[in-house]
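> Okay, here's the prediction I keep looking at, along with the sequence it came from:
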Amino acid sequence: MIKIKKITNFRVLFYLFVLGLFCVFISYKMFLDINYSFLLIVPVVFSLILFYKKRYIFFVFSILFFCFLCVYPFVFLDNYTDYSFNKFNNLYITGKITNINRLQNDFCFITIENVNVVDEEGNTYNLNGRTSLSVYINDDIYVDLYDRIAFSSKIEGMEILDENNEIETFYLRNNIRYSASINSSEIIFLKSEATPLEDFREYNRDLLIEGFGEKLGNLAFTSLYGDTNYTDRDLLNEFSYSGVAHIFSVSGIHISLIAFLINYILNKLKVDKRISFIILGLILFFFCMLCNFNSPVIRSSIMSMVALLASIWFRKYDGLNSTSLSGCILLLINPMYVFDVGFQMTFLSILGIIMFSNLFKRVRINNKILSSIVFSLITSLSAQLALLPIFANVYGYISTWSLLANLIIIPLFSIFYTMLFMLNILVLVCPFLEFVYFLPKCMLETIIYINQFVNMLPYSIIYTQVISTPLTFLYYINMFVLSKYVVLEWKYKIIISLLLLSVITLGIIIEADKTSTSNVSLSNEYRIERIVNTNLTSSENLLSNTISSKKINSQEPTNSKGELKLIYDFNSTRICDKINESNHSLKKAELIFCHSFF
């Protein structure tokens with residue numbers, strides 16, 4: 001009898017997680033076209049393999065797990081919004097403000113939740129999700145976050161799918177299901193509905209502003225809570241261009257530092273590991289509450305708890321199994337996380353570090369300092385390689401110097417965040433000690449200066465085209481082939497990898513040939529007053545086609561200042577750069593982000 005050598009380690013949790021993602025994708029495709037149901041054969045075959053291997057507990061779990069993930073997204077998409085309100089021309093609406101995006105003098109964008117609606121017949125409804133308001137400012141606005149407001153307007157259900165049948169991830173991530181357009185003079189303040197936790201956050205922000213100054217204080221507040229309501233958008237964009245904006249989105253690095261700090265203190269106090277697990281869980285749960293249970297915070301907290309749980313069971317920590325278990329738990333909490341870019345980046349970066357870093361660990365360095373630098377470089381490079389398709393598809397560009405920026409800024413930010421977290425607790429207890437913020441303030445200023453320097457380096461951004469789903473899938477297959485989890489000789493791995501890379505390269509070239517861009521011609525006598533992003537679709541061609549189809553000339557309508565106003569859809573900040581870098585004759589180009597329809 002010929003014995004067949006296995007080519008991969010059978011990690012049940014890992015394959016459950018991957019096929020769980022696949023089931024959500026199947027459900028989404030079945031929502032568009034029921035003929036995609038034939039793909040269900042893949043998870044069925046895997047479950048049968050588990051049964052054949054006598055993994056009966058996993059077999060039962062896989063059946064329930066896959067059934068849930070195949071049904072939930074279908075039902076969710078079908079019931080995302082209620083379009084019955086579209087027929088009413090005038091509704092009395094009340095809601096609590098959760099976000100105010102003050103973009104410029106004449107427009108403001110407000111998000112409200114806990115929305116109540118009274119129709120023209122006097123019937124009252126409670127709306128699911130949030131409502132996005134486009135507010136034209138024709139009078140002073142005297143409302144703030146957490147205020148309950150009232151107004152009369154027509155309300156419309158948001159389309160969760162765009163014109164290309166792709167999910168509007170911004171609406172999904174922020175649970176925005178309805179939109180309305182009003183004038184600021186129509187807004188009526190009812191009362192403040194700030195919870196004790198929201199009051200605490202505002203109190204903390206005031207302390208940070210007193211210690212850091214308004215601009216840096218708001219940035220420090222964003223570092224602690226992930227809330228960008230008050231943060232300078234231009235400053236955040238600068239960090240996006242260098243590829244380190246993730247440091248201000250409370251996620252893995254923040255939770256890891258908090259968990260490490262708490263564990264270190266508890267270990268010094270010789271607290272039992274099981275008690276430490278409970279204490280850490282309670283602290284992280286409270287921190288999630290402070291961050292409004294944002295999905296990145298929940299993800300990172302669960303992953304930290306899983307890692308600690310592994311050590312309590314006296315098992316050797318396995319990065320792939322722990323990450324996969326965390327992923328399965330999150331899919332059970334909300335399968336729609338799959339479509340969130342943050343979810344994708346979190347797991348891909350971790351998997352990249354787990355899989356790619358093994359390739360570089362073969363290099364032996366005896367010097368401890370040099371070894372630490374190389375380890376940081378390898379970790380950052382591994383994460384960047386895993387995220388390349390995401391950067392290309394979502395942001396439309398790759399930060400050339402992101403590896404350098406992450407190598408320098410991440411260690412500095414880790415020191416800054418640890419210092420800020422500890423000193424912030426001290427100042428909250430003793431507000432008169434706010435002068436101690438001086439140290440983290442200096443660190444934050446240093447981080448900003450370094451980031452600005454990196455952005456000034458030549459060729460800091462490379463613009464890319466969208467990579468199709470099949471090619472992206474092949475890219476990650478190639479990543480898996482090169483990992484230690486595929487048991488093949490290195491010569492076979494290299495051959496397979498080169499073949500896959502050849503197919504990917506050829507596919508990108510073919511796709512590039514099919515992509516046609518329209519020439520944009522703008523007249524000297526007009527300027528672009530406003531570039532408005534209305535539904536956050538990411539299609540660069542939409543910009544060119546929209547402007548080209550308008551054929552800008554003296555026949556186009558203008559405002560009283562003789563300025564042409566164009567409104568079209570686009571997602572990426574690179575448009576502003578592309579306009580400024582081009583030879584188009586523009587007196588002014590300004591990019592404004594909007595979160596709802598006009």
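Cool, the structure landed.

> Could I get the contacting residues of the closest residue to residue 338 other than its chain neighbours?
The shortest distance from residue 338 to any non-neighbouring residue, by Cβ to Cβ, 6 or more residues apart in numbering, is to residue 24 (4.5 Å). Every C-beta, even on glycine, is put in place using the N, C-alpha and C of the backbone. By Cβ atoms under 8 Å, 6 or more residues apart in numbering, the contact list for residue 24 reads 69-70, 73, 331, 335-336, 338.

> hmm, which two among the residues you listed are most spread apart?
70 and 336 (13.4 Å; Cβ to Cβ).

> nearest to residue 154, of the contacts of residue 24?
Using Cβ to Cβ, residue 336 comes nearest to residue 154 of the contacts of residue 24, at 27.8 Å.

> Among the contacts of residue 24, pick out the one closest to residue 311, please.
Checking those one by one against residue 311 (Cβ to Cβ), the nearest turns out to be residue 331, at 23.9 Å.

> Just the element for that closest one, please.
Using DSSP states H and E, residue 331 sits within helix 319-333.

> Okay, now the unreliable bits of the stretch 51-200 of the chain?
Along the stretch 51-200 of the chain, segments meeting pLDDT under 70 span 102-105, 141.

> Can you show me the strands along it?
For the stretch 51-200 of the chain, applying DSSP state E, counting those that start in this stretch gives strands covering 91-104, 107-118, 124-126, 130-136, 147-153, 156-157, 176-183, 188-192.

> Tabulate those (a markdown table), appending mean neighbour count.
As requested, the strands of the stretch 51-200 of the chain are arranged in a markdown table below (neighbours: other Cβ atoms under 10 Å):
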| stretch | mean neighbour count |
| --- | --- |
| strand 91-104 | 18 |
| strand 107-118 | 19 |
| strand 124-126 | 11 |
| strand 130-136 | 22 |
| strand 147-153 | 18 |
| strand 156-157 | 17 |
| strand 176-183 | 21 |
| strand 188-192 | 13 |
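
> mind putting the ones you listed in TSV, distance to residue 502 included?
Output for these, formatted as TSV (distance: least, Cβ to Cβ, whole Å):
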stretch	distance to residue 502
strand 91-104	46
strand 107-118	46
strand 124-126	56
strand 130-136	45
strand 147-153	56
strand 156-157	46
strand 176-183	43
strand 188-192	62
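
> what's downstream of the helix holding residue 331, the next helix or strand?
The C-terminal neighbour of helix 319-333 among helices and strands, as given by DSSP H and E, is helix 341-360.

> before we move on, back to that, check what contacts the helix holding residue 331 and list those residues.
By Cβ under 8 Å, 6+ apart, helix 319-333 touches 11, 13-14, 16-17, 20-21, 24, 65, 68-69, 298-299, 302-303, 306-307, 310, 337-338, 343, 347, 350-351, 353-354, 485.

> so for it, what's the average pLDDT?
For helix 319-333, mean pLDDT is 86.

> Distance check, the closest residue to residue 14 other than its chain neighbours against residue 281.
Of all residues not flanking residue 14 in the chain, residue 324 sits nearest, at 4.4 Å (Cβ to Cβ, 6+ apart). The gap separating residue 324 from residue 281 is 20 Å, by Cβ to Cβ, to the nearest Å.

> higher neighbour count, those two?
Neighbours per residue (other Cβ atoms under 10 Å) separate residue 324 from residue 281, with residue 324 holding more: 23 against 15.

> quick one on the thing from earlier: mind checking which of the contacts of helix 319-333 are in helices?
13-14, 16-17, 20-21, 24, 65, 68-69, 298-299, 302-303, 306-307, 310, 343, 347, 350-351, 353-354 (DSSP state H).

> for the protein, longest helix please?
Longest helix in the chain, counting by DSSP H: helix 402-429.

> Quick one: list the elements packing against it.
In terms of contacts (3 or more Cβ pairs under 8 Å, 6 or more residues apart in numbering; DSSP states H and E), helix 402-429 is packed against helix 196-212, helix 214-225, helix 233-242, helix 252-268, helix 368-390, helix 438-456.

> Identify each buried residue in that helix, please.
402-410, 413-414, 416-421, 423-424, 427 (16 or more other Cβ atoms under 10 Å).

> Now do the same contact list for the nearest residue to residue 406 once chain neighbours are set aside.
Spatial nearest neighbour of residue 406, excluding adjacent residues (Cβ to Cβ, 6+ apart): residue 380 at 4.4 Å. Counting by Cβ under 8 Å, 6+ apart, residue 380 touches 403, 406-407, 410.

> and which of those residues is nearest to residue 189?
Residue 189 lies nearest to residue 410 out of the contacts of residue 380, by Cβ to Cβ, at 43.1 Å.

> May I have stretch 289-309 as CSV, with CA atoms only?
What follows is stretch 289-309, C-alpha atoms only, in CSV (Å, rounded to 0.1, in the frame of the first residue of the first chain):
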residue,chain,number,x,y,z
MET,A,289,-17.7,50.4,26.8
LEU,A,290,-15.7,53.6,26.8
CYS,A,291,-14.9,53.1,23.1
ASN,A,292,-18.7,52.6,22.3
PHE,A,293,-18.0,48.9,21.5
ASN,A,294,-16.3,49.7,18.3
SER,A,295,-15.6,46.5,16.3
PRO,A,296,-11.8,46.9,16.2
VAL,A,297,-11.7,47.2,20.1
ILE,A,298,-14.0,44.1,20.4
ARG,A,299,-11.8,42.1,18.0
SER,A,300,-8.6,43.0,19.7
SER,A,301,-10.0,42.4,23.2
ILE,A,302,-11.3,38.9,22.2
MET,A,303,-7.9,38.0,20.7
SER,A,304,-6.0,39.1,23.8
MET,A,305,-8.4,37.1,26.0
VAL,A,306,-8.0,34.0,23.8
ALA,A,307,-4.2,34.3,24.0
LEU,A,308,-4.3,34.6,27.8
LEU,A,309,-6.7,31.7,28.1
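
> Of the helices and strands packed on helix 402-429, which is nearest residue 470?
Nearest to residue 470, of the helices and strands packed on helix 402-429 and by Cβ to Cβ, is helix 368-390 at 11.4 Å.

> with the contacts of residue 380 in mind, which one is nearest to residue 293?
Nearest member of the contacts of residue 380 to residue 293, counting by Cβ to Cβ, is residue 410, at 25.7 Å.
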